[in-house]
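Novice: my questions are about this predicted structure, shown below with the sequence.
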Amino acid sequence: MVSGKAQADDGQATGTGVIGEQAEEAQATGGQAPTASGSDSEIARLTALVEEYRNESLRARADYDNLRKRTEREKAEFKAYANEGLIKDLIDVYENLERALDAAKKPDVQTSQLIRGLEMVYVQMKVVLGQYGLKPIDCVGQKFDPRTMEAMMQEISDDKEEDTVLEEFQRGYTLSSKVIRCSKVKVSKR
């Protein structure tokens with residue numbers, strides 16, 4: 001037989017023991033009973049965090065892809081129109097050369113007039129290209145420079161210092177300060 005005091009102690013133990021704590025925790029978490037490990041809410045939070053990071057990663061990848069495509073499009077556009085100013089300036093030279101050719105076909109044209117017209121077109125072309133930074137490489141009589149010249153031949157010369165450019169076969173050019181075509185030359189040797 002259990003005494004009244006023992007029953008009261010049992011009631012207190014039951015009310016405030018492990019079962020009572022679980023009931024209080026369930027009330028605090030919105031009525032959900034906790035699991036044995038108590039980590040369902042942690043799993044849900046981490047799953048949401050992973051999903052958020054995944055979405056951010058997808059957005060960043062899409063942004064990068066769009067940036068790459070836009071950059072390629074702008075680069076192609078720039079390349080297509082980069083020489084627009086030069087082409088506009090060369091149109092006049094082109095048309096003057098065309099006029100000179102038409103004049104040369106006429107039976108009554110004098111050679112001196114044709115030569116004078118071609119010289120004018122040549123000067124006009126030289127001025128336009130010079131405005132855009134094109135300069136011929138001066139090499140005859142200079143010391144051979146492998147950065148701006150390409151030796152095609154060598155010739156024995158007692159009156160010239162070794163590696164002096166004797167003759168230019170093809171003119172070289174710089175565009176601003178960059179060599180865009182090397183001069184093809186004949187170089188002296190002893």
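Specialist: Nice, thanks for sending it over. Treat the numbers as computed from the prediction; the structure is a model and nothing was measured.

Novice: and the closest residue in space to Lys189 that isn't next to it in sequence, what's its pLDDT?
Specialist: If the residues on either side of it in the chain are set aside, Lys189 comes closest to Gln154, at 4.7 Å by CB to CB, 6 or more residues apart in numbering. (C-beta placed from N, C-alpha, C; glycine too.) Turning to Gln154, the model gives it a pLDDT of 94.

Novice: just Glu84 next, same as before
Specialist: Note for Glu84: predicted pLDDT of 88.

Novice: can you list the domains in the chain?
Specialist: 40-81, 83-132, 135-190 (automatic domain parsing).

Novice: out of the ones you listed, which gets the lowest mean score?
Specialist: Lowest mean pLDDT of the domains of the chain: domain 83-132, a mean of 90.

Novice: just the endpoints, please. Distance across that one?
Specialist: From its first residue to its last, domain 83-132 covers 10 Å (CA to CA, to the nearest Å).

Novice: again, but for stretch 138-153
Specialist: One end of stretch 138-153 to the other measures 18 Å (CA to CA).

Novice: swap in stretch 161-180?
Specialist: End to end - CA to CA - stretch 161-180 spans 28 Å.

Novice: need the longest helix for this protein.
Specialist: helix 40-81 (DSSP state H).

Novice: can you give me the strands for the protein?
Specialist: Taking DSSP state E to define them, one finds strands in the chain at 134-136, 149-156, 165-170, 173-175, 178-181, 183-189.

Novice: now the third one and strand 183-189, what's the angle there?
Specialist: With axes from the mean of the first three to the mean of the last three CA atoms, to 10 degrees as the basis, strand 165-170 and strand 183-189 are set at 160 degrees to each other.

Novice: then strand 165-170 to CSV, C-alphas only?
Specialist: Written as CSV, here are the backbone C-alpha positions of strand 165-170 (Å, rounded to 0.1, in the frame of the first residue of the first chain):
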residue,chain,number,x,y,z
VAL,A,165,71.9,48.4,-94.0
LEU,A,166,73.0,48.7,-97.6
GLU,A,167,69.6,48.4,-99.4
GLU,A,168,66.0,48.2,-98.5
PHE,A,169,63.9,45.6,-100.5
GLN,A,170,60.6,46.3,-98.7
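
Novice: direction included, what does it pair up with?
Specialist: strand 183-189 (antiparallel) (DSSP bridges).

Novice: again with the fourth one
Specialist: Paired neighbours of strand 173-175 in the sheet (DSSP bridges): strand 134-136 (antiparallel), strand 178-181 (antiparallel).
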